[in-house]
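Visitor: Mind folding the following:
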Amino acid sequence: MGKKKFEDLMARYLTNEVTDAERLKIEAWLDSIKDNQADDYEMSDAEAQQLFDKIKSKQNNIREITSFKPESIRKQNKFLFVRIAAAVALFACAGYLVWYLVPNQQLVSVDRAEVTKIILNDGSLVWVNADSKLAYHETPTGRFAELTGEALFEVAKDSLRPFMVNYKDVQVRVVGTSFRLTTGDSVELIVLTGKVNFFTPQQAGINVTPKERAVFKNETFVKHALNTHMVNAVVANTEYDMNFSNATFTEVITRLSKKFDVTISLSNPEMKSCHLNLDITDHSLESSLHLISTVLNIDYKIEGKNITISGSGCNPNP
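Guide: Numbering: from 1, shown residues only. As a prediction, the model looks like this:
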């Protein structure tokens, strides 16, 4: 029973659902074991119960917690959340990008000069800038990312699972939107679409809407308006912009293929010459194809990374 309680506690820690006092105690203990091969720890049920009780205690017992060491040290670790949380602590406290055994997890570390695009498990796209690190995982109730550096997010809509991005104590929370986040001595948020809640555990924060820039520094939030030039600079060197004006269908499917890393085939070559005026920026792949099908006479079939488009296109008859 002790192991189950502690596993549940660590799961809540990973999803930011513990109290400030519990977080302080958990991170103090994780920091105390991070240099002692934390992945070799396997606590007994009684030891797990002891540590759970110490963390849940209302007493100021951090020294007692940091001195707590499981007696059993084995090479085969079966105590999942100790290893997961130790990895999170190493990432947060020591600056290492280590994220083990988290269900539906992804991570990327960019040390090259160019922007690197990743497609998250939920369909969201992230363009991660140079010298930046991103870790991501999902639960049935939420989507969670840790960012150090700078990234542009195009978040897939999922009203049942909010999307959270954390940097130290600063957090942004969205459902489906697009924004750029830059972390460092100050944290900068620029919103392109949707509404983003920008806050810390100590402050309710502010809501940031399209073409607004918000900065958190010295425990204060400040918000400014952006002009079109500034917005264009945010999406430079990415495939974010999908606004087409009199574009050929060839150009549209080429950019869709590049943005979503898919292969698109046309059953009718005559479709290539069709022209489109359409803005599918900030739409998922399937939503983009659906919108195109409302303009052109086409059908589409998605099979993994391969998409087949059939129909007459801009001609009235097949």
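Visitor: any idea which helix or strand carries residue 46?
Guide: helix 45-56 (DSSP states H and E).
Visitor: name the helices or strands packed onto that helix?
Guide: With contacts defined as 3 or more Cβ pairs under 8 Å, 6 or more residues apart in numbering; DSSP states H and E, helix 45-56 has these neighbours: helix 2-14, helix 20-33, helix 62-66. Just so you know, the C-beta spots here come from the backbone N, C-alpha and C atoms, and that holds for glycine as well.
Visitor: quick one: which of those helices is nearest residue 244?
Guide: Checking the helices and strands packed on helix 45-56 against residue 244 by Cβ to Cβ gives helix 2-14 as the closest, at 40.9 Å.
Visitor: Just checking the distance from that closest one to the centre of its chain.
Guide: In this view, helix 2-14 has its centroid 22 Å away from the chain centroid, taken as Cα atoms, centre = their mean, to the nearest Å.
Visitor: Just the terminal-to-terminal distance for stretch 117-137.
Guide: This stretch, stretch 117-137, spans 17 Å end to end (Cα to Cα, to the nearest Å).
Visitor: and it, which residues are buried?
Guide: Under the neighbour-count criterion of 16 or more other Cβ atoms under 10 Å, stretch 117-137 has 117-120, 122-129, 132-137 buried.
Visitor: And residue 12, what's its pLDDT?
Guide: Residue 12 is assigned a pLDDT of 73 by the prediction.
Visitor: Could you report the neighbour count for residue 305?
Guide: Residue 305 sits with 11 neighbouring residues when counted by other Cβ atoms under 10 Å.
Visitor: Out of the buried residues of stretch 117-137, which sit inside helices?
Guide: Judged by DSSP state H, the subset of the buried residues of stretch 117-137 located in helices is empty.
Visitor: sorry, back to before: a markdown table please, covering the helices and strands packed on helix 45-56 and showing mean neighbour count and distance to residue 190.
Guide: Putting the helices and strands packed on helix 45-56 into a markdown table (neighbours: other Cβ atoms under 10 Å; distance: least, Cβ to Cβ, whole Å) gives the following:
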| stretch | mean neighbour count | distance to residue 190 |
| --- | --- | --- |
| helix 2-14 | 18 | 28 |
| helix 20-33 | 18 | 29 |
| helix 62-66 | 14 | 38 |
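Visitor: Let me know which of the ones you listed is the nearest to residue 157.
Guide: Taking Cβ to Cβ, helix 2-14 is the member of those nearest to residue 157, at 23.5 Å.
Visitor: what's the angle from the closest one to helix 45-56?
Guide: Taking axes from the mean of the first three to the mean of the last three Cα atoms, to 10 degrees, helix 2-14 and helix 45-56 form an angle of 40 degrees between their directions.
Visitor: returning to what we had before: for residue 258, find the nearest of the helices and strands packed on helix 45-56.
Guide: When the helices and strands packed on helix 45-56 are compared by Cβ to Cβ, helix 2-14 sits nearest residue 258, at 33.8 Å.
Visitor: low pLDDT regions in the stretch 1-150 of the chain?
Guide: Scanning the stretch 1-150 of the chain for pLDDT under 70 picks out the ranges 14-16, 20, 31, 33-42, 71-113.
Visitor: neighbours around residue 244, how many?
Guide: With other Cβ under 10 Å as criterion, residue 244 counts 19.
Visitor: Next: residue 60.
Guide: By other Cβ under 10 Å, neighbour count at residue 60 equals 10.
Visitor: One more: residue 149?
Guide: Neighbour count for residue 149, taken as other Cβ under 10 Å: 18.
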